[in-house]
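Undergrad: Here you go, sequence then predicted model.
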Amino acid sequence: MTVLPDDGLSLAAEFPDATHEQWQRLVEGVLRKSGKEASGDDAEKALSTTLENGLTTRPLYTPRDAVADTGFPGFAPFVRGGRAEGVAPGGWDVRQRHAGSDPVRVNEAVLADLENGVTSLWLAVGRGGIPVDGLGRALHGVYLDLAPIVLDAGDAYGAAGRALWELYGERGVRPTEARAVLGADPLGHEARTGREVATGDAVELARAAVAHWPGVRALTVDALPYHEAGGSAAEELGLSLATGVAYLRLLTDAGLTAEQACGQLEFRYAASADQFLTIAKFRAARRLWARVAEVSGVPGAAGAQRQHAVTSSVMMTRRDPWVNMLRTTLACLGAGAGGADAVTVSPFDEAIGLPDAFARRIARNTSTILLEESHLARVIDPAGGSWYVERLTDELAHLGWEFFRTVERAGGLGAALRSGFVAERLAGTWAVRSQRLATRREPVTGVSEFPLLAERTVERQAHPAPLSGGLPRVRRDEAYEVLRARSDAHLAATGARPRVFLAALGPAAAHTARVTFAANLFQAGGIEPVHDPVTVDAESVAAAFAASGASLACLCSSDARYEEEAPAVAAALRSAGAGRVLLAGRPGGHPGVDGHVFAGCDAVATLTSVLDFLGVS
């Protein structure tokens, strides 16, 4: 019997190491087979993916992509985590949000969450949530010395914070036992509403917390308003830094030390279904804040950023909402692997209305599965050491820092909000992304890709009216939602959805791909495709069209078939009553064809035009 060496790693010792250039040559061969000619770095670029703000994901990362030493978990610059032990052994804080206005119903949901895995509560208070004087009823039966409380009270944060402290006193919670984030965020509220908020209560809450409540943080640096207005990850980071710096100045001017001021802040970021970008964002955020703390004279562990991750509302869809369970799972994984201290998984029906008990159960169990069954928290910084993750973290940190400096040069976040600079910058970012969504280069499963027109409608009680008047709130599905709403109205009025006839030419091998593509595209706009796969010539195609009840047709086949048959089939379709004839494929000179649908076309504009033609208002 052969005994392997102790290291167990010599099995490939006799094989020479592959070089980067050899890999590029293999890529060149693959591209050549697909009809693309590229060599060297250009071949590698052909397989790269563009993200945002100039970030690019390459197909291969090697030691040449290594970045400077990122340190150790629990030590500056905290890229690898704010605590040496990571989030082990208990995992991250499973924090669920409750936004109902009825304290009794909120209390029922709160108790159910705490009994089934949730470890802290995030409550909307004041406008858009429970009344301040209903806080005690909403927390009836909650052990306040065990369950941390996080408040989101908008401009009522002072009253809400004092009400929570009174509640602690009434229930005999000692100051050393209280764990809370009072949620004072004047700049975040201004971003939401466009109205300036006094900062005096924030200062008083922070002073009281430092003096008497060691487990309480008074202020939240909430980056969600910027993410939800269409901002990129780098812009979210830059604006959160600008907010944090503004609060450091506010608190130190009021007499707190820089270390005490840092201890009063919790940062809140969005986690999206792009798990690697999410991982990199949370790691980069800790690095950036550690730099701010360092230049502010904050020593050691006090410069570690406390992070709260919230699954992105921008990515949540109203159509096919069940897919949101997958999106939030990826987002939760990214936030957990990125080292977030607390994670809120939004229920899958969040975009529709107030979640039901099933949706809340799935949301809290998402963290439970990742922690208890996947053991995600048992490894500190599980993505650390990946050349891709480390490079992406570094690039994102630099972009975030540059934008932060831009905001500071504009006079700080307050001035940048009031001048319209922030709104204009985020609108430009969202316009670029909207174009990618419209052309389906950024697909949205269940909405712009693989929609299900016959899906069961999910109905929920409406959310309380959200804060408004400041930055807008955007969603990836919004342009397609407008189209689907037009289709729904047509269905309600006529008993049928608008239809398009897909004229498949030739054998299945010639038309299947483009039939599938066209059907997918039209359904994204709520237009029902009708397809007869047995048509064999222009006459049978025209007969099938006449029987379909459609007034619009789309030819689907190979380019070679189009050259041979498109003019005759288009003429036959027109004689059978087709008001417009489209073609699935790149624009070309085909007589009788009114337009084309193809990969990369502006699907939203095309579908809007089709609905207009069909008289669907």
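TA: Ah, there it is.
Undergrad: so what's the residue nearest the centre of the chain up against?
TA: Against the mean C-alpha coordinate of the chain, by CA atoms, centre = their mean, the closest residue is Ser272 at 3.1 Å. Going by CB atoms under 8 Å, 6 or more residues apart in numbering, Ser272 touches Thr278, Thr311, Ser312, Val314, Met315, Arg327, Ala331, Gly334. The C-beta positions use only the backbone N, C-alpha and C, and glycine is treated the same way.
Undergrad: How much space separates it from His375?
TA: To His375, Ser272 is 23 Å away according to CB to CB, to the nearest Å.
Undergrad: For the closest residue to the residue nearest to the centre of the chain other than its chain neighbours, give me the pLDDT.
TA: Nearest non-adjacent residue to Ser272, counting by CB to CB, 6 or more residues apart in numbering: Ser312, 4.4 Å away. Ser312 carries a pLDDT value of 98.
Undergrad: Going forward, the N-terminal residue is numbered 735.
TA: Happy to do that; since the first residue is 735 now, the last one works out to Ser1046.
Undergrad: What is the neighbour count of Ser1046?
TA: Burial measure for Ser1046: 23 neighbouring residues, criterion other CB atoms under 10 Å.
Undergrad: Most widely separated two among the contacts of Ser1006?
TA: Between any two of the contacts of Ser1006, the greatest separation by CB to CB is 14.6 Å, found for Val1048 and Gly1068.
Undergrad: Between the two, which has more neighbouring residues?
TA: Between Val1048 and Gly1068, Gly1068 has the larger neighbour count (other CB under 10 Å), namely 26 against 21.
Undergrad: what separates the more buried one from Pro811, distance-wise?
TA: Separation of Gly1068 from Pro811 (CB to CB): 20 Å.
Undergrad: if we look at stretch 1188-1206, which residues are touching it?
TA: Taking CB under 8 Å, 6+ apart as the rule, stretch 1188-1206 contacts 833-835, 858, 861-863, 888, 923-929, 959-960, 962-964, 1053-1055, 1083, 1086-1090, 1151, 1156-1157, 1160, 1207.
Undergrad: switch the cut-off to 7 Å
TA: Stretch 1188-1206 is contacted by residues 833, 835, 861-863, 888, 924-929, 959, 963, 1053-1055, 1083, 1086-1088, 1090, 1157, 1160 when judged by CB atoms under 7 Å, 6 or more residues apart in numbering.
Undergrad: Please apply the same query to stretch 880-900.
TA: Contacts of stretch 880-900 (CB under 7 Å, 6+ apart): 829, 848, 854-861, 863, 866, 869, 913-918, 923, 931, 935, 939, 1201.
Undergrad: try stretch 1253-1266
TA: By CB under 7 Å, 6+ apart, stretch 1253-1266 touches 1181-1185, 1187, 1214, 1217-1218, 1220-1222, 1231-1236, 1238, 1249, 1252, 1278, 1282, 1284, 1331, 1337, 1341, 1344-1345.
Undergrad: Start and end of stretch 1330-1348, how far apart?
TA: In stretch 1330-1348, first residue to last residue: 17 Å (CA to CA, to the nearest Å).
Undergrad: Mind listing residues that contact that stretch?
TA: For stretch 1330-1348, the surrounding residues in contact (CB under 7 Å, 6+ apart) are 1172-1175, 1182, 1213, 1217, 1220, 1232, 1252, 1255, 1258-1259, 1261, 1285-1286, 1288, 1313-1314, 1316-1321.
Undergrad: In helices only, show me the residues you listed.
TA: Ala1172, Ala1213, Leu1217, Arg1220, Ala1252, Leu1255, Ala1258 (DSSP state H).
Undergrad: and the fourth one, what does it touch?
TA: Just to be clear, that refers to Arg1220. Gly1260, Leu1345, Val1350, Ser1351.
Undergrad: So which of the residues you listed are in helices?
TA: Going by DSSP H, the helices hold Leu1345 from the contacts of Arg1220.
Undergrad: Buried subset of the contacts of Arg1220, written for PyMOL?
TA: Buried members of these, identified by 16 or more other CB atoms under 10 Å, are gathered into one PyMOL selection as follows:
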select buried, resi 1260+1345+1350
